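**Student:** just coords:
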């Protein structure tokens with residue numbers, strides 16, 4: 001995808017703009033997004049808030065599900081999401097979220113997203129179900 005197409009994908013999700021999401025790669029088999037941990041996205045002590053981490057992962061998985069919609073579908077929606085918070089990401093960290101499909105079906109898709117710091121440390125792991133609409 002071209003840089004303009006990737007920007008357009010991020011812009012299609014208004015809440016993604018709130019967290020400063022940038023789409024780096026988007027294909028049916030993998031979506032990669034990035035965002036910086038800002039002070040307003042943190043909990044006490046300047047550590048990334050779990051809600052921010054879940055939003056980052058949800059956006060990546062949703063983009064992947066959108067790219068895999070069966071013909072005739074109008075969109076996708078998250079029906080279930082589970083996140084394991086594994087390590088801290090302090091203010092100023094740049095996080096990369098990589099989403100890959102576990103299964104892509106006619107009605108339901110399951111995606112797994114790894115959120116990592118720039119040093120490669122795993123910060124969170126999310127598994128989400130996306131219903132095709």
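**Tutor:** That came through fine. Note that the structure is predicted; figures quoted are calculated from it, not measured. Residues are numbered from 1 along each chain as shown.
**Student:** stretch 86-93: how far from the chain's middle?
**Tutor:** Here stretch 86-93 shows a centroid-to-chain-centroid distance of 16 Å under the convention Cα atoms, centre = their mean, to the nearest Å.
**Student:** stretch 87-96 now?
**Tutor:** Per Cα atoms, centre = their mean, the centroid offset for stretch 87-96 relative to its chain is 15 Å.
**Student:** for stretch 22-39, same thing?
**Tutor:** 7 Å.
**Student:** what about that stretch, average pLDDT?
**Tutor:** Regarding stretch 22-39, the rounded mean pLDDT is 97.
**Student:** just the residues contacting that stretch, thanks.
**Tutor:** 1, 5-7, 9-10, 19-21, 46, 48, 52, 56, 59-61, 63-64, 67-68, 89-101, 104 (Cβ atoms under 8 Å, 6 or more residues apart in numbering). Heads up, the C-betas are built off the backbone N, CA and C, glycines and all.
**Student:** among these, name the buried ones.
**Tutor:** For the contacts of stretch 22-39, a burial check counting by 16 or more other Cβ atoms under 10 Å picks out 6, 9-10, 19, 21, 48, 52, 56, 59-61, 63-64, 67-68, 89, 93, 95-99, 101, 104.
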